[in-house]
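Participant: sequence unknown, structure follows:
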């Protein structure tokens with residue numbers, strides 16, 4: 001069979017999907033980098049810059065989502081998934097810093113595996129936040145972070161996580177141990193200060 005012109009639609013679909021994948025990966029990779037910068041801005045106590053970066057990341061994710069909507073086979077692609085997870089992590093940190101919890105409506109709309117990955121990773125951001133607060137002598141903030149991470153780990157343990165999510169859940173448990181050790185060190189300092197006064 002010499003005439004394969006009937007395969008032209010297959011070729012067109014392949015080329016179209018390949019081009020869409022490249023556009024999607026580019027937007028997703030940029031969104032990851034920008035979401036990381038937003039998290040860093042939150043840690044620097046610059047919420048205005050962080051929110052600006054989150055809007056920028058959201059635009060890129062919207063563009064990536066349009067490609068996934070047009071070509072459903074792209075929806076589960078790694079870079080897109082990673083970008084959504086990093087963005088959700090930034091949203092969760094933003095919510096914690098402004099309201100003291102993880103209840104972010106936008107993040108909750110994402111697929112459960114993306115949200116759970118972001119939630120587990122966000123516990124690490126609370127460790128960084130707690131370290132900064134401890135250096136300022138804000139022990140209440142450290143204790144609050146420990147309580148929230150403890151509740152989060154308790155929730156994660158109720159699930160039978162597998163694969164990458166299980167590893168992320170294990171990291172959340174390690175983050176809880178770090179915060180517990182931090183609280184122990186804080187208590188020693190408190191006792192030491194009281195002892196000196198006595």
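Facilitator: Cool, the structure landed. What you are looking at is a predicted structure, and each value in this text was computed from that prediction instead of being measured.

Participant: how many neighbours does residue 8 have?
Facilitator: 9 (other C-beta atoms under 10 Å). C-betas here are computed from N, CA, C, even on glycine.

Participant: so which helix or strand takes in it?
Facilitator: helix 8-43 (DSSP states H and E).

Participant: got the buried residues for the helix or strand encompassing residue 174?
Facilitator: Using DSSP H and E, residue 174 sits within helix 163-197. For helix 163-197, the neighbour count (16 or more other C-beta atoms under 10 Å) marks 165, 168, 169, 172, 173, 175, 176, 178, 179, 182, 183, 186 as buried.

Participant: Not counting sequence-adjacent ones, nearest residue to the second one?
Facilitator: Once its chain neighbours are removed from consideration, residue 168 has its nearest residue in residue 120; the separation is 3.7 Å (C-beta to C-beta, 6 or more residues apart in numbering).

Participant: Tell me the predicted confidence for the residue nearest to residue 164 when sequence neighbours are not counted.
Facilitator: Spatially, and ignoring its direct neighbours in sequence, residue 164 is nearest to residue 117 (7.0 Å; C-beta to C-beta, 6+ apart). Looking at residue 117, its pLDDT is 97.

Participant: and what of residue 195?
Facilitator: Residue 195 is given a pLDDT of 52.
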